[in-house]
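Novice: Structural data only, the sequence is not supplied:
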DNA sequence: AATAACTTTGCAACCCGGTTGCATGAACTT
DNA sequence: AAGTTCATGCAACCGGGTTGCAAAGTTATT
């Protein structure tokens, strides 16, 4: 619903332009994390750079998070409601080596790592690769 | 020592060409995981494609492992002696956001993840980002 | 309502890591 | 020595990501 989309944007202090509404729409319908090229394909005609910058603003305002998907490219997915993208907020991601989809394992938080005390922690990227349930059959 | 280098190669069934000896030499001296472009710079004149293929054979023969370093590119480091690159053999990597070096945290194994039973596990890429001890001072 | 100031969009171009095709060259086989 | 196989070097390409810049759209100011 249009209202909800605008709401989400407003909540994160993102001006609701047409483009942004559309992109958020797609991200909302999307069950798996999506890459920029994939997002591009969801539109008839859309400019890569604009989408790129849209994702960037979304990420800066913590509406979405990104992960390196384990195959060299970035994927994006909506954050949980009160996610601040701090290490505690992060979950594990799963890349299916067959269908190439990336799943957010939202209920598997990234395990805590005991870094040497001389290292400081900012974020964690954890991607598990394997075969997903759809492809295993 | 030349002998040791050749030994390592032979042990993994890799024909010890001049190029391979040189690359293994560099990897041995290297304390942190190195990227292909970085490796290129270690030589006066060397072909990217050759280095690329050298790394690839090294990896196929489990002499080195690779990780997505958290900034979109791949880095390579020598495997531990009896590493088979199975999930149990893997360790956590650390990317310093300041000096951009990637450290193998050899004594921190990748934590076990309880995947939904419908998912099968092949490998794990875990990169922690933060500031390393050298840069923290 | 008109102008100025700022933001977003679209296009083109670029960068860079990774990768492949192909021809030459080295090493091993008979 | 001829033939096969494998390694190397060069060039070219691909694709994801990123930037500069000018046009279009918004918002603020008078």
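Specialist: Yep, that arrived. Given the structure is predicted, the values throughout are model-derived calculations rather than measurements.
Novice: and the helix or strand where residue A:40 lies with DNA strand D, contact?
Specialist: Assigned by DSSP states H and E, residue A:40 belongs to helix A:36-41. Yes: counting by CB under 7 Å from any atom of the strand, DNA strand D has neighbours in helix A:36-41: A:36, A:37. All C-beta atoms are positioned from the backbone trio N, CA, C, and that covers glycine.
Novice: Run through who's touching that helix.
Specialist: A:23, A:26, A:46, A:48, A:51, A:52, A:55, A:73, A:74, A:76 (CB atoms under 8 Å, 6 or more residues apart in numbering or on different chains).
Novice: Which residue ranges of chain A form strands?
Specialist: In chain A, the strands defined using DSSP state E lie at A:34-35, A:64-68, A:74-78, A:91-96, A:102-109, A:120-131.
Novice: if we can go back for a sec, do the helix holding residue A:40 and DNA strand C come into contact?
Specialist: No: contact of helix A:36-41 with DNA strand C is not found when judged by CB under 7 Å from any atom of the strand; the minimum separation is 11.2 Å.
Novice: residues of that helix that come out buried?
Specialist: A:36, A:38, A:39, A:40 (16 or more other CB atoms under 10 Å in any protein chain shown).
Novice: will you turn the residues you listed into a markdown table that also has pLDDT?
Specialist: Output for these, formatted as a markdown table (pLDDT from 0 to 100):
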| residue | pLDDT |
| --- | --- |
| A:36 | 98 |
| A:38 | 97 |
| A:39 | 98 |
| A:40 | 97 |
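Novice: Who are the contact partners of residue A:100?
Specialist: Residues in contact with residue A:100, defined by CB under 8 Å, 6+ apart, are residue A:71.
Novice: For it, grab phi and psi.
Specialist: The phi/psi pair for residue A:100 (degrees, to the nearest 10) reads phi 70, psi 20.
Novice: so what's it scoring on pLDDT?
Specialist: With respect to pLDDT, residue A:100 scores 94.
Novice: Next, the distance between the ends of stretch A:55-74.
Specialist: Terminal residues of stretch A:55-74 are spaced 11 Å apart (CA to CA, to the nearest Å).
Novice: right, is that stretch up against chain B?
Specialist: Yes: interface with chain B: stretch A:55-74 contributes A:68, A:70, A:72, A:73, A:74 (CB under 8 Å from any CB of the partner chain).
Novice: Could you pick out the buried ones from those residues?
Specialist: Buried among the residues of stretch A:55-74 next to chain B by 16+ other CB under 10 Å: A:68, A:70.
Novice: which of the residues of stretch A:55-74 next to chain B lies closest to residue A:120?
Specialist: residue A:68 (20.4 Å; CB to CB).
Novice: Now do the same contact list for that closest one.
Specialist: A:74, A:125, A:127, B:68, B:70, B:72, B:125, B:127.
Novice: and it, how far is that from residue B:85?
Specialist: 19 Å (CB to CB, to the nearest Å).
Novice: hmm, back to that, which among the strands of chain A is found nearest to DNA strand C?
Specialist: Proximity to DNA strand C (CB to the nearest atom of the strand) singles out strand A:64-68 among those, at 11.5 Å.
Novice: Run through the residues that contact residue A:99.
Specialist: A:132, A:134, A:135.
Novice: Ok, residue A:120 next?
Specialist: B:130, B:131, B:136.
Novice: From these, list the buried ones, please.
Specialist: So, by 16+ other CB under 10 Å, the buried ones in the contacts of residue A:120 are B:130, B:131.
Novice: any idea of the pLDDT on the spatially closest residue to residue A:15 that is not a sequence neighbour?
Specialist: The shortest distance from residue A:15 to any non-neighbouring residue, by CB to CB, 6 or more residues apart in numbering or on different chains, is to residue A:9 (7.4 Å). At residue A:9, the pLDDT value in this model is 96.
Novice: and residue A:9, how many neighbours?
Specialist: Residue A:9 has 20 neighbours, counted by other CB atoms under 10 Å in any protein chain shown.
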